[in-house]
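Q: Sequence first, then the predicted structure:
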Amino acid sequence: MLKKFALLAGMAAFVVACGPSQAEIEAKAKAVADSLAAVMRADSIRMAEEAAAAQAEAEAKAQAVADSIAAAAAAATTGK
């Protein structure tokens, strides 16, 4: 029984000793946090660019409608 306990204790010590150190755990957590921050920043930039493109498209459509109305009004005043 004592031999089994000693073997179990030795295996437990080996597993604990072979695990990552606190510094390695913190470095991995920092790398994950940095990666998430970079992805969030890139996503925010993409969303801002898409919003700007949608705004430009809406303004172009509004300008096209205004030009059509102005052309129709000019045609009506010149006598068709």
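A: Now that the structure is in, tell me what you want to look at. Remember, predicted model here, so these are calculated numbers, not experimental data.
Q: Mind listing what's buried along stretch 43-57?
A: For stretch 43-57, the neighbour count (16 or more other C-beta atoms under 10 Å) marks no residue as buried. Just so you know, the C-beta spots here come from the backbone N, C-alpha and C atoms, and that holds for glycine as well.
Q: which residues touch it?
A: Contacts to stretch 43-57, defined as C-beta atoms under 8 Å, 6 or more residues apart in numbering, come from no residue at all.
Q: Averaged pLDDT, it. What do you get?
A: Here the mean pLDDT over stretch 43-57 is 97, rounded to a whole number.
Q: what about the longest helix along the chain, distance to the chain center?
A: Across the chain, the helix with the greatest residue count (assigned by DSSP state H) is helix 22-77. Centroid separation for helix 22-77 versus its chain: 13 Å, with C-alpha atoms, centre = their mean, to the nearest Å.
Q: where are the low-confidence patches of the chain?
A: 16-17, 79-80 (pLDDT under 70).
Q: switch to 50 and redo it
A: Applying pLDDT under 50 to the chain picks out no residues at all.
Q: From residue 19, how far out is residue 66?
A: 69 Å (C-beta to C-beta, to the nearest Å).
Q: brain fart, residue 74
A: Counting by C-beta to C-beta, the gap between residue 74 and residue 19 amounts to 81 Å.
Q: Then residue 77?
A: As judged by C-beta to C-beta, residue 77 and residue 19 stand 85 Å apart.
Q: And for residue 78?
A: In this structure, residue 78 lies at 86 Å from residue 19, with C-beta to C-beta as the measure.
Q: Repeat that for residue 5.
A: With distances taken as C-beta to C-beta, residue 5 is found 22 Å from residue 19.
Q: and if you look at residue 27?
A: As judged by C-beta to C-beta, residue 27 and residue 19 stand 14 Å apart.
Q: if you count what's nearby, which of these two comes out ahead?
A: A count of neighbours by other C-beta atoms under 10 Å puts residue 27 above the other of residue 27 and residue 19, at 12 against 9.
Q: ok, residue 6 - how many residues close by?
A: Burial of residue 6, expressed as a neighbour count using other C-beta under 10 Å, amounts to 10.
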